[in-house]
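Trainee: Okay, here's the prediction I keep looking at, along with the sequence it came from:
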Amino acid sequence: MKIEFRNVSKTFYGEDSELETLNNINIQIKEGEFVSIIGPSGCGKSTLLHLMTEIVDSFEGDILIEGISLKQSDKLVSYMHQKDLLMPWRTIKDNVTLPLILSGKKKKDAYKIVEPYYKMFGLDGFEEVYPNELSGGMRQRAALLRTFMVESDIMLFDEPFAAIDAINRHKLQQFLLERCQGFNRTIMFITHDIEEAIYLSDRIIVLSQRPATVIQDVKIELERPREKHMKLSVDFLKIKEMLIEALE
Ligand SMILES: Nc1ncnc2c1ncn2[C@@H]1O[C@H](COP(=O)(O)OP(=O)(O)O)[C@@H](O)[C@H]1O
Ligand SMILES: [Mg+2]
């Protein structure tokens, strides 16, 4: 297994309160699989990824990456946060190349590597501007591009397209599919958009209200490559209906 959550539970403790957030989560993800996580707002989806990225530590159970417990693993995962978290004092170019610089590349080389992607991400002409000069959607695309610059075969996304308009969202979904298929990237993708989850995923995991438990684990058998018209197919709509019911 590429990623495995084993009996993972998480409770947040405050001064005189406790918040049970995850309750005995078991998830197995194979290499190259695209798995979406859906569930009610506030149920603990982001927390799942925060455990993996060690933004939040101390939890019960174990998370294994390639069979090695997270705490022993030195595996790098690339993670795109719900908010874009671009650095306001750096230009777009210096934001998106940051992972390359951190991995030891020279600035000049990092700029060259990222060059072909600006157009694809709708950012060409904006390389030298600062994040606060861009729209929310453009900032999100810049954050997405930065995520792709992390050299890792495990990618975690937390509602990356939520703030993007429908047309651009479709473009980015398509882009994500193209970049992931055949590259053996293993992906955990949080979304509240059921259609997006079906369209992108090999499997969808449905979480319950907090404290989250896994209530469904649905294999999406739609053929690949995925194409826009599939969103209107009977099979697609059946899955959608089933998931909507599961979330009620
Ligand atoms: N670091 C934290 N400390 C305390 N409570 C937290 C922390 N992170 C998340 N929570 C709480 O845990 C619950 C689940 O949050 P989250 O994982 O962000 O939900 P989701 O992403 O599904 O909307 C929420 O009630 C949230 O307030
Ligand atoms: Mg969240």
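Mentor: Received, thanks. Ligands and ions are numbered 1, 2, ... in the order given.
Trainee: which residues touch the residue positioned nearest the centre of the chain?
Mentor: The chain has residue 157 as the residue nearest its centroid, 1.2 Å off, counting by CA atoms, centre = their mean. Residue 157 is in contact with 79, 80, 147, 187, 188, 189, 190, counting by CB atoms under 8 Å, 6 or more residues apart in numbering. C-beta coordinates here come from the backbone N, C-alpha and C atoms, glycine included.
Trainee: Return the closest of these with respect to ligand 1.
Mentor: Ranked by distance to ligand 1 (CB to the nearest ligand atom), those are led by residue 190 at 6.7 Å.
Trainee: residues contacting the residue lying closest to residue 60 once chain neighbours are set aside?
Mentor: Leaving out its chain neighbours, the residue that sits closest to residue 60 by CB to CB, 6 or more residues apart in numbering is residue 9, at 4.2 Å. Residue 9 sits next to 20, 22, 23, 24, 25, 59, 60, 61, 211 when contact means CB under 8 Å, 6+ apart.
Trainee: Residue 221 now?
Mentor: residue 235.
Trainee: Distance check, it against residue 73.
Mentor: Noted for residue 221: a distance of 32 Å to residue 73, by CB to CB, to the nearest Å.
Trainee: quick one: which of the contacts of residue 157 is nearest to residue 110?
Mentor: Using CB to CB, residue 147 comes nearest to residue 110 of the contacts of residue 157, at 15.0 Å.
Trainee: where's that closest one, which helix or strand?
Mentor: Assigned by DSSP states H and E, residue 147 belongs to helix 136-148.
Trainee: Buried ones in that helix, by neighbour count?
Mentor: Buried residues in helix 136-148, defined by neighbour count with 16 or more other CB atoms under 10 Å: 137, 138, 139, 140, 141, 142, 143, 144, 145, 146, 147, 148.
Trainee: Please name every helix or strand in contact with that helix.
Mentor: strand 78-80, helix 92-96, helix 117-120, helix 166-180 (3 or more CB pairs under 8 Å, 6 or more residues apart in numbering; DSSP states H and E).
Trainee: let's go with 7 Å and repeat that
Mentor: In this structure, helix 136-148 makes packing contacts with strand 78-80, helix 92-96, helix 166-180, judged by 3 or more CB pairs under 7 Å, 6 or more residues apart in numbering; DSSP states H and E.
Trainee: Tell me, how many residues neighbour residue 94?
Mentor: Look at residue 94: counted by other CB atoms under 10 Å, it has 18 neighbours.
Trainee: how far away is it from residue 83?
Mentor: To residue 83, residue 94 is 19 Å away according to CB to CB.
Trainee: measure the closest residue to residue 176 other than its chain neighbours to ligand 1 for me?
Mentor: Closest residue in space to residue 176, ignoring its immediate chain neighbours: residue 200 at 6.8 Å, by CB to CB, 6+ apart. To ligand 1, residue 200 is 18 Å away according to CB to the nearest ligand atom, to the nearest Å.
Trainee: pretty sure residue 200 is touching residue 175, no?
Mentor: No - Residue 200 is not in contact with residue 175 according to CB atoms under 7 Å; the separation is 11.1 Å.
Trainee: re the thing from before, burial count for the residue nearest to residue 176?
Mentor: Count around residue 200 with other CB under 10 Å applied: 24.
Trainee: need the residues of this protein near ligand 1, please.
Mentor: Within reach of ligand 1 by CB under 6 Å from any ligand atom, the chain has these residues: 12, 19, 21, 39, 41-47, 56, 210.
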